[in-house]
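In: return atomic coordinates for the entry below.
(one chain, ligands or ions: 1)
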Amino acid sequence: MKAHDGIYLDGAWRPATGPDTIDIVNPVDEQVIGRVPAGTAEDVDAAVRAARAALPAWAATAPAERAAHLTALRDALAARQDEIAETVTAELGSPPKLSQAVHAALPITVAGSYAELAATYAFEEKVGNSTVLHEPIGVVGAITPWNYPLHQIVAKVAPALAAGCTVVLKPAEDTPLVAQLFAEAVHEAGIPAGVFNLVTGLGPVAGRALAEHPDVDLVSFTGSTAVGRQIGATAGAAVKKVALELGGKSANVILPSADLARAVNVGVANVMSNSGQTCSAWTRMLVHREQYEEAVRIAAAAAAKYGDRIGPVVSAKQQARVRGYIEKGVAEGARLVAGGPESPREQGYFVSPTVFADVTPDMTIAQEEIFGPVLTILSYEDEEDALRIANGTVYGLAGAVWAGDEEEAVAFARRMDTGQVDINGGRFNPLAPFGGYKQSGVGRELGTHGLAEYLQTKSLQF
Ligand code: NAD
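Out: Next up, the predicted model:
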C-alpha cells in the first residue's frame, strides 16, 4: 500500500504547497500506516484552475467518448479490486469480507452503471417547439466522508464525468489512501489531464477552501448535517446549486403481521454492518407493544453473536463519540440488553454491538445519529403511533417496513417521510435514487437521478 506524498493535479502527482501532512491510522492496531499531504487553500485553488481549464474540451466530448473513458475507469478499478479491499481494511478497519463484497465491489458496479448511462442518457430532448439541452453544470467540488470511502467518491465523480463536468475531490482525512488509488485508476483510464484532481487535506482547511471557492459551480457534499448546513449557506449566498447527502436516523417498522424473527435478525445485521457507520442504517426498531419483549430477546441474542467480529469504528474520536451516546442512553433510562460502553478489546477502536430496549422517542439515542453499532428498540401502540414515531425526527434518509403482506408494507411506506424504504428486506439497488427528505439532504445520488444533479438545462425554441 503506497501513500503518495503529493496531490493529483492536472494529470500528474505534484508536491503540495505546504509542509503539513496527515497521519493515517489503522483502527485495528492504532499504528500509523502512511502519511498524505494536508492540502492548503493554495492547492485547492490550483486544482480548481486545472479543472476550469479542462472543462471546455471535456464538456464538448461526445457522450460515447465519455462512456468509453468511464468503462476504462471501471476496468481499472476492477483490476485493482484486491488492492482496494486491502486499503479500505487498513484505513477504515472493516473486515476483509466486507471490504471485498461492498467497499471494493460496489464502486465498480456504480462506475459501470455510469459508463452505460453516459452512452444512453438523453442529453437532448424535444418539448413541443423546443429542443432542451442537458448541459454539464461546470466545475464540481466533491467532498466525501470515510464510512464507504470509495463508494462515496465514485457516486459523485462518475456521474459528474458522465455529465461532462470536471472535478476537484477532497476526500475524508481518515481514509485518503483509497482516494489516491482512485486517482491512479483515473490516470490509467486515460482521462484527460485536469478533468479529475485530488487534494487530500483537513475539512476546515482544504474542504472549506473548496466549498467556498468562487470558481466552483457545484459543491457535492456527503457528511454530517452540521457541515452540510454551512456548505448550503455558503452556496446560497453565492446563488449556487449544492448536492447534500447528510445524516440519518432511520426507522425499521415491524408491523404485527410480519415474520418477527426474520425482521429483527435482518434489522440487527443492518445496524451492525460496517460497525454501524452507515448513514442509512435502521437504527430505530419499532415493534408492536405485544411483540416487544420477544423482539428484544431476539435482538439481544443476535447482537451478542457479533462480538468484535464487526471490526472497529474508524478513529479514537468516533469511538469516544459512540461510547458517549451509550452512556447517555443509560443515563436517560434506556435498558441495556446487549453490549455497553466498555470496549471489547484493549487495543483498537472497538465498540461492543449494543442494543437498548425501553427507548422512548424523545431520548437522545432515539433522535441523534450515533454512527456506531448501536440499535434502539421502541414500542408502539398501533399503526398511527408507529407512523408518528417513524416520522418523528429531523432526518428522512431511509427506512424499512415488514409485514405479512407486501401491500400492507407499501401502504405504510407511502406515509413515511423518507427517501428510501426497503420492503420486507428488499435488496440495495445501485440504480435507485438515494438521498434524503428533511435534514437528511438535498438532491439524489445514483442512477439517472444522480446524473441529473450534474446537469443544467438550456431550451432552444424553433
Ligand atoms: P464530516 O461532515 O465531518 O466530514 C465529511 C467531509 O467533509 C470530510 O471530507 C471532511 O474533511 C469535510 N469537512 C469537514 N469540515 C468541513 C468544512 N468546514 N468545510 C468543508 N468540508 C468539511 O462527517 P464525517 O464525520 O466524516 O462523516 C460522518 C457523517 O456523514 C455522518 O453524520 C453520516 O450520516 C454522514 N453521511 C451521510 C451519508 C449520506 O449519503 N447521506 C453518507 C455517509 C455519511
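In: could I have the longest helix along the chain exported to CSV, CA atoms only?
Out: Counting residues, the longest helix in the chain under DSSP state H turns out to be helix 41-59. Taking Å, rounded to 0.1, in the frame of the first residue of the first chain, the C-alpha atoms of helix 41-59 are listed here in CSV:
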residue,chain,number,x,y,z
ALA,A,41,-6.2,26.7,0.1
GLU,A,42,-3.5,27.3,-2.5
ASP,A,43,-3.5,23.7,-3.5
VAL,A,44,-7.3,23.8,-3.8
ASP,A,45,-7.1,26.9,-5.9
ALA,A,46,-4.5,25.3,-8.3
ALA,A,47,-6.8,22.2,-8.6
VAL,A,48,-9.8,24.3,-9.4
ARG,A,49,-7.9,26.2,-12.0
ALA,A,50,-6.8,22.9,-13.6
ALA,A,51,-10.5,21.7,-13.6
ARG,A,52,-11.7,25.0,-15.1
ALA,A,53,-9.1,24.9,-17.9
ALA,A,54,-10.0,21.3,-18.7
LEU,A,55,-13.8,22.0,-18.7
PRO,A,56,-14.5,23.3,-22.2
ALA,A,57,-12.8,20.3,-24.0
TRP,A,58,-14.3,17.7,-21.7
ALA,A,59,-17.8,19.2,-21.8
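In: which positions in the stretch 351-462 of the chain make contact with the ligand?
Out: Glu369, Phe371, Leu397, Gly436, Gly441 (C-beta under 6 Å from any ligand atom). For every residue, glycine as well, the C-beta is placed using N, CA and C.
In: and the longest helix of the chain, what does it pack onto?
Out: strand 6-9, strand 130-136, strand 139-143, strand 166-170, strand 196-198, helix 208-212 (3 or more C-beta pairs under 8 Å, 6 or more residues apart in numbering; DSSP states H and E).
In: coming back round to it: whichever of the residues of the stretch 351-462 of the chain next to the ligand end up buried, select them in ChimeraX.
Out: Of those, the buried ones go into a single ChimeraX selection, burial set by 16 or more other C-beta atoms under 10 Å:
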select :369,371,397,436,441
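In: dump the residues of the stretch 351-462 of the chain next to the ligand to a markdown table, plus pLDDT.
Out: Formatted as a markdown table, these follow (pLDDT from 0 to 100):
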| residue | pLDDT |
| --- | --- |
| Glu369 | 97 |
| Phe371 | 97 |
| Leu397 | 97 |
| Gly436 | 96 |
| Gly441 | 95 |
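In: which one of the residues of the stretch 351-462 of the chain next to the ligand is nearest to Pro95?
Out: Comparing these against Pro95 with C-beta to C-beta places Phe371 closest, at 17.8 Å.
In: tell me the secondary structure at the closest one.
Out: On the three-state scheme (DSSP: H, G, I helix; E, B strand; the rest coil), Phe371 is labelled coil.
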